[in-house]
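**Student:** Got a sequence here, can you model it:
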Amino acid sequence: MGDIQNDKAIHVARSYITCFRHADSVTTSSALAALKDATRSPETRITLLRTLWKQHELSLKEFEHLKEAVQ
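**Tutor:** Sure, this is the predicted structure:
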């Protein structure tokens, strides 16, 4: 979980959320690949998304959908 504090991982996760919201499948796929590169495990990605959800940067519905996608 140490890489949760990694600014790059947080930035990449925010980019992924933005792409998802704009429903652009090409950039969303690229952003997901970048998120997977920036984090070590599905659990880390889910924890990162949960953190952003708790900070009100995405809705519960978005979190639930993205949680499945990042595994």
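
**Student:** State the number of residues packed around Ala69.
**Tutor:** Ala69 sits with 13 neighbouring residues when counted by other Cβ atoms under 10 Å. All C-beta spots, glycine's among them, are computed from the backbone N, C-alpha and C.

**Student:** got the contact list for it?
**Tutor:** When the contact criterion is Cβ atoms under 8 Å, 6 or more residues apart in numbering, the partners of Ala69 are Leu32.

**Student:** Please apply the same query to Ile17.
**Tutor:** With contacts defined as Cβ under 8 Å, 6+ apart, the neighbours of Ile17 are 52, 57-58, 62, 66.

**Student:** so which of those comes closest to Leu35?
**Tutor:** The shortest distance between Leu35 and any of these, using Cβ to Cβ, involves Leu66 and amounts to 9.6 Å.

**Student:** Could you say which helix or strand holds that closest one?
**Tutor:** Using DSSP states H and E, Leu66 falls within helix 60-69.

**Student:** What average pLDDT does that helix get?
**Tutor:** Mean pLDDT, computed over helix 60-69, is 92.

**Student:** And the strands in the chain, which stretches?
**Tutor:** For the chain, no strands are identified by DSSP state E.

**Student:** in it, which segments are predicted with low confidence?
**Tutor:** Across the chain, residues meeting the criterion (pLDDT under 70) sit at 1-5.

**Student:** just the helices in it please.
**Tutor:** Taking DSSP state H to define them, one finds helices in the chain at 7-21, 25-38, 42-54, 60-69.

**Student:** Next, name the residue at the spatial heart of this protein.
**Tutor:** When Cα atoms, centre = their mean is applied to the chain, the residue found nearest the centroid is Ala13 (3.6 Å).

**Student:** List the contacts of Arg14.
**Tutor:** Listed by Cβ under 8 Å, 6+ apart, the contact set of Arg14 reads 52, 57.

**Student:** ok, now Asp37?
**Tutor:** The contact partners of Asp37, taken as Cβ under 8 Å, 6+ apart, are Val12.
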